[in-house]
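**Student:** Quick one: sequence and predicted model below, then my questions.
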Amino acid sequence: MFKKFDKLKEKVSSGISNIGKDNNEPTYIIQPADIAQLVGGFVIGFGLNSENQLSQPSPKPEYKNLVSIPSTFKHNIANVSLGNSHCFYHTKDGKFFFAGTNRVGEFGTVSTGHVDELTQFNHSTLKFKEIICAQQHTMYIGIDGKLYGSGKPELLGMSTDEAKKTPTLIPALSQYKIALYATSNKHSFAVTEDGILFGWGKSDLLGIGSFVKVKKITVTTKEPIVIDTCSAFLSFRIKSIACGEEHTIALLETGDVYGWGRGDEGQLGHGIKENRVSPILIESVKSLNIISVQCGAFNSSTLTTDKECYIWGQFGEELIMTPQPLCPGGSRQPLKVQQISQNGFYNIVITLGGDIYHFGIDYKLFTKSAWIPTLLKIDDPLLMGKRVTQVAASAAGYYMIIYDGNPIYYPEIDHSRKGAKPTKTLAPLPESQYSKNKDALFGGNKPTNTTYLNKERNKNNPSTTTTTTSSSNNSRNHRDNDEDIL
């Protein structure tokens, strides 16, 4: 079976099938007759297509060769966001279009089913500046900064167990303007414009301490809670954040990088297989001037000011325990990277020279060769004068390449402040959610760390009493001892 997938990988990585052709004969991805339709940014793609995510007129379940997405030609695409079975396209004039499959509200519309061509998304009252596709849900950032969600309910940030067919405001964040959003299929984070970090999903992945596990059962936090367990997050703003399957990486405005969650595959970059229930500084990247972070399912990557990409974690059969430069197959020369997109087990990269490499495959189909960064061959003469501005990977195994869209902008990072001591000088945070977490965990008894411990220690002395406080600062002071209550 693996030999078959090795051969499949070779065909996909070439971008074209040369069987029966002269090797010097170019392959047209865009047909000459269609070139007149182009009005600006447009998209091509390849990979799995079970839900016609690639918007083909006569769809196949898989495209080993690059194909154009004709319905993008007339819309001047700026960028795209990819879910498992649905896609959103943002145009340069501020419109949004969707395609693929709408099962549980991923399109933000009541009607369900397949959409084979780009269809404009409209809302009667709300206007959005960004739409982000998660694997089975969609998040919307309004022009007022408010965060909305639709689709599968587990990670919408709401108490409901029902899917939302249309964009619905997240109640716990209704008073905040959202600057950043990141998600996996188990946990999510949002960073406000004021620098407050909120998280929801599997509680042991949120960086709030290990008290959320009792008898190895993980509590799910359905609504956003403040992540106030790291003093650096209280002092410096998060500028880039990404979620893997069970881990998270965050870049601060100082250039320092923190990680938390699962570390069994080395995805936290500490050089050891260790899980972290609270954010910890990743010392191994302190010498790098980092401008962006990304996560795959069980790995991580960063992009530096020198446009080198460093990777660590599990890449196929290999565990990379500390960051190393991303190099193409058979070379020790690091790639100069303009952008990397990681989603699940799939990865795609644009170099500064415009070359495109991709690597990765679902763990059920593991082959060693699939994880070697391989150059994608594109020799269509109609694309030679065009500029690649974005690449995007989907966890469902398909890729998109955007030509002549909007360039990728990275946040400004003041690397001269790297290693700065936290000062906690940000505006006061909302009251810590610590006691609310415990309330949910213990069925409404609201025990604090001190209360619970004293009850256990003084079972035989009912006359003993304790005094507790629920202030935000006190909860932070006890953060490092959270696991004591287990």
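**Tutor:** Cool, the structure landed.

**Student:** From here on, just use CA atoms for contacts and neighbour counts.
**Tutor:** Fine.

**Student:** can you pull out the helices in the stretch 201-350 of the chain?
**Tutor:** Counting by DSSP state H, counting those that start in this stretch, the stretch 201-350 of the chain has helices at residues 231-235.

**Student:** any low-confidence regions in it?
**Tutor:** Counting by pLDDT under 70, the stretch 201-350 of the chain contains low-confidence ranges at 210-218.

**Student:** and with 90 instead?
**Tutor:** Along the stretch 201-350 of the chain, segments meeting pLDDT under 90 span 208-219, 228-229, 316-318, 329-332.

**Student:** can you give me the strands in it?
**Tutor:** Assigned by DSSP state E, counting those that start in this stretch, the stretch 201-350 of the chain shows strands spanning 213-214, 217-218, 220-226, 238-243, 247-252, 257-261, 276-281, 290-295, 299-304, 309-315, 318-325, 337-343, 346-351.

**Student:** Show me what the helix or strand just after the last one pairs with in its sheet, parallel or antiparallel.
**Tutor:** In this case it means strand 346-351. Once strand 346-351 ends, the next helix or strand along the chain (criterion: DSSP states H and E) is strand 356-359. According to DSSP bridges, strand 356-359 forms sheet pairs with strand 346-351 (antiparallel), strand 374-375 (antiparallel).

**Student:** From the chain's centroid, how far away is the last one?
**Tutor:** On the basis of Cα atoms, centre = their mean, to the nearest Å, strand 374-375 is displaced by 23 Å from the centre of the chain it belongs to.

**Student:** what is the rounded mean pLDDT of it?
**Tutor:** For strand 374-375, mean pLDDT rounds to 92.

**Student:** From the contact count, pick out the helices and strands touching whichever helix or strand comes after that strand.
**Tutor:** Sequence order places strand 388-393 as the next helix or strand after strand 374-375, per DSSP H and E. With contacts taken as 3 or more Cα pairs under 8 Å, 6 or more residues apart in numbering; DSSP states H and E, strand 388-393 sits against strand 77-82, strand 337-343, strand 346-351, strand 398-403.

**Student:** I'd like to know how far the residue lying closest to Tyr89 once chain neighbours are set aside sits from Pro334.
**Tutor:** Closest residue to Tyr89 apart from its sequence neighbours, by Cα to Cα, 6 or more residues apart in numbering: Val80 at 4.5 Å. According to Cα to Cα, to the nearest Å, Val80 and Pro334 sit 27 Å apart.

**Student:** quick one on the thing from earlier: nearest to Pro57, out of the strands of the stretch 201-350 of the chain?
**Tutor:** strand 346-351 (25.1 Å; Cα to Cα).

**Student:** What angle do strand 290-295 and the closest one make with each other?
**Tutor:** Strand 346-351 runs at 160 degrees relative to strand 290-295, counting by axes from the mean of the first three to the mean of the last three Cα atoms, to 10 degrees.

**Student:** can you state the direction angle for strand 346-351 and strand 309-315?
**Tutor:** Angular relation of strand 346-351 and strand 309-315 on a 0 to 180 degree scale: 160 degrees, by the same axes, to 10 degrees.
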